[in-house]
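> requesting a structural model of the entry that follows:
(one chain, ligands or ions: 1)
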Amino acid sequence: MVSLGNRRPVSALCLGAMNFGTSTPAETAFAILDRFVEAGGTFIDTSNNYNQWVGHGGESEELLGQWLRSRGNRDSLVIATKCGARTTVPGDPGDAHWEGLNASAVSSAVKGSLSRLGVDRIDLYYAHIDDRSTPLDETVAAFGRLAAEGVVDLVGCSNTATWRLDRARQTAVAQGVAPYSVIQQHSSYLWPNPPALQGVLRRGTPHFQHAGIEHFDYLSENPDLTMVAYQSLLGGSYVRADRPFWAQRGYAHPTAYVRFEALRQIAGDLGVSPNQIVLAWLMHHGVVPLIGVSSIPQLEEALAAVDIQLDAALTTQLDNA
Ligand SMILES: NC(=O)c1ccc[n+]([C@@H]2O[C@H](COP(=O)([O-])OP(=O)(O)OC[C@H]3O[C@@H](n4cnc5c(N)ncnc54)[C@H](OP(=O)(O)O)[C@@H]3O)[C@@H](O)[C@H]2O)c1
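Alright, predicted model coming up:
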């Protein structure tokens, strides 16, 4: 168990539902969700735009809504969803058409998510992106209003630079509304190289996907903030010859190879998979890994990582590789 924002207990792993209802068919998705909950999982992640790159967007929330209704377990789970990156032009998921984070976009997005999920409250509501074309005051107030009204419980943000996260939190304090208490970034055991860490321009805004050193420094000073790590398994790259890590943008650099070898060696010594060490290492550092699985065997592998205890020597070896 970990505590989101020092306040809301959740399972150590978060299940990503991005592909549920599109590339992961409903029957498989239901089986994965059932097994996750049976194993003690309580934290599930989706977004109002999943998965608009494959379908029309909203399928994931709709599938979760069907599953929650059929299982009657809504109150025992923590459901996170997001707004800001849903396209306003169906069929074109490009960032030029993102809904953004102005007050009216947030207010209309949350209604859509509540309806698709079939719930009257969202447990964790994220700004999916950083929208610098909207004054930060306005976005913070829009999220703060939802929290004050009880429409959402916790608020968070994703793909955001540390200074913008801090500024948003300070703005919230000044406005007397709930500050972001969760940050969701791309993070794994391997670090990408500096150009990839810099992010890319999306809709005219720097899009900082990766968790950087500054995020972790900021987290260490702010215990009321939790990091959730997406794509923690780099699409399966740690174990798949068909999808090597070095083929991913930013990962073909010497440090990544050294770290990958350290990971493989430690996993081999312990008789577990590299994926499991990655997840155990993230959890050891207080990060909640978001797992994106498309089958029960992939889920079982991830679930077993919760029981791996890395001792101080191994952690230091992994940290310093
Ligand atoms: N905030 C954001 O901007 C953002 C962005 C992306 C994702 N997310 C969230 O993060 C979640 C995870 O993202 P992701 O699916 O892109 O994550 P990922 O962990 O990088 O990739 C998941 C894929 O890795 C493969 N995989 C997983 N476990 C494996 C195993 N044990 N062995 C071999 N291959 C394995 C599977 O590929 P196959 O299906 O091909 O087998 C699976 O679909 C999403 O569901 C979403 O909730 C958030």
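> setting aside sequence neighbours, what's the nearest residue to whichever residue of the stretch 151-300 of the chain sits closest to the ligand?
Closest residue of the stretch 151-300 of the chain to the ligand, Cβ to the nearest ligand atom: residue 292 (2.1 Å). (C-beta placed from N, C-alpha, C; glycine too.) Distances taken as Cβ to Cβ, 6 or more residues apart in numbering put residue 16 closest to residue 292, at 4.2 Å, once the chain neighbours are dropped.
> got a pLDDT number for that neighbour?
Residue 16 is assigned 98 on the pLDDT scale.
> when you give positions from now on, start the count at 40
Okay, using 40 as the starting number, the last item reads as residue 55.
> count of neighbours near it?
23 (other Cβ atoms under 10 Å).
> what sits against it?
84-85, 269, 329-332 (Cβ atoms under 8 Å, 6 or more residues apart in numbering).
> okay, now the residue of the stretch 190-339 of the chain closest to the ligand: neighbour count?
Other residues close to residue 331 by other Cβ under 10 Å number 20.
> how much space separates it from residue 201?
With distances taken as Cβ to Cβ, to the nearest Å, residue 331 is found 25 Å from residue 201.
> which stretches of the stretch 90-239 of the chain form helices?
Counting by DSSP state H, counting those that start in this stretch, the stretch 90-239 of the chain has helices at residues 98-110, 142-156, 175-187, 201-214, 233-236.
> give me the contacts around stretch 265-273.
By Cβ under 8 Å, 6+ apart, stretch 265-273 touches 41-45, 53, 55, 84, 119, 195, 197, 220-227, 229, 250, 254-255, 258, 284, 287, 290, 314, 317-318, 321, 325-331, 341.
> so which of the residues you listed are in strands?
Using DSSP state E, the subset of the contacts of stretch 265-273 located in strands is 41-43, 53, 55, 84, 119, 195, 197, 221-225, 327-330.
> so how do I select the buried members of those in ChimeraX?
One line in ChimeraX is enough to select the buried members of the ones in strands among the contacts of stretch 265-273, burial here meaning 16 or more other Cβ atoms under 10 Å:
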select :41,43,53,55,84,119,195,197,221,222,223,224,225,327,328,329,330
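> how about stretch 51-68 and the ligand, touching?
Yes: contact of stretch 51-68 with the ligand (Cβ under 6 Å from any ligand atom) involves 55-57.
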